[in-house]
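**Q** Let me see the structure of the following:
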Amino acid sequence: MAHPDITLYTVNAVLILDSDSHRILTKYYQPPHPYPHHQYANPYPTIKEQRAFEKGLFDKTHKQGTDIILFDNHVVVYKEVLDVIIFVVGGLNENETMLYQVVSALRDSLEILLKHSLDKRTIIDNYDLVSLAVDETVDDGIILETDPIVISTRVSRPPNYDTSVNNLDLSEQGIMSAYQLAKEMVAERFKL
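**A** Reported below is the predicted structural model:
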């Protein structure tokens, strides 16, 4: 018998807060299609409601010894690392082990990407990598990957084009053709 409420949308939010409960990165997810009884709808549609949820969550979890809690009808798993806290928020019926895998993978991939310097300043300085790592882990509430090596590889993959010096023509003819091309491009620019 099929269960009508089975869905891939398991994550409601990914939050990274600092040690004063201020936002560093927050992503709230909502499925693109309506579901019966609105059980997967974002319960915090406004910034004010999100900030109130984050403040209450921070107050309940800061300096606690657990990694998994039930808060405001959500399963919340989190990891404290130096001066930041990484939260993964799921629905009341979600699998805690799977959510814990997500938060662990996110923390481990960020440690790889940020060279084991997972603090507020480093996260802000490398916000692009952090945001990409979150997107490679969870996309619109769907868990995509829980292997930190794969996540960090996808985020830090080098460009596909060849940037080696071996392909440059450093002969007199090559330099002259590059000079001629640059001269033509400048001339075209000034014509406009």
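**Q** Name the residue closest to the centre of this structure, please.
**A** With distances taken as CA atoms, centre = their mean, the chain has Val134 as the residue nearest its mean C-alpha position (1.5 Å).
**Q** Kindly indicate whether Glu94 is helix, strand or coil.
**A** In three-state terms, and counting by DSSP: H, G, I helix; E, B strand; the rest coil, Glu94 is coil.
**Q** Tell me the spacing between it and Asp119.
**A** 29 Å (CB to CB, to the nearest Å). Heads up, the C-betas are built off the backbone N, CA and C, glycines and all.
**Q** out of those two, which sits in the busier spot?
**A** Glu94 (18 against 15; other CB atoms under 10 Å).
**Q** The more buried one and Tyr9 touch, don't they?
**A** No: taking CB atoms under 8 Å as the definition, Glu94 is not a contact partner of Tyr9, at 9.6 Å.
**Q** In terms of helices and strands, where is the residue nearest to the centre of the chain?
**A** Assigned by DSSP states H and E, Val134 belongs to helix 127-137.
**Q** The helix or strand containing Val76: which residues count as buried?
**A** Assignment of secondary structure by DSSP H and E places Val76 within strand 74-81. For strand 74-81, burial by neighbour count (16 or more other CB atoms under 10 Å) applies to 74-80.
**Q** Among the residues you listed, which one lies nearest to Leu144?
**A** Proximity of these to Leu144 was ranked by CB to CB; the top entry is Val77 with 17.1 Å.
**Q** need the contact list for that closest one.
**A** By CB atoms under 8 Å, 6 or more residues apart in numbering, the contact list for Val77 reads 67-68, 87-88, 90, 96, 99-100, 102-103.
**Q** among those residues, who's most crowded?
**A** Counting by other CB under 10 Å, top hit in the contacts of Val77: Val88 with 30 neighbours.
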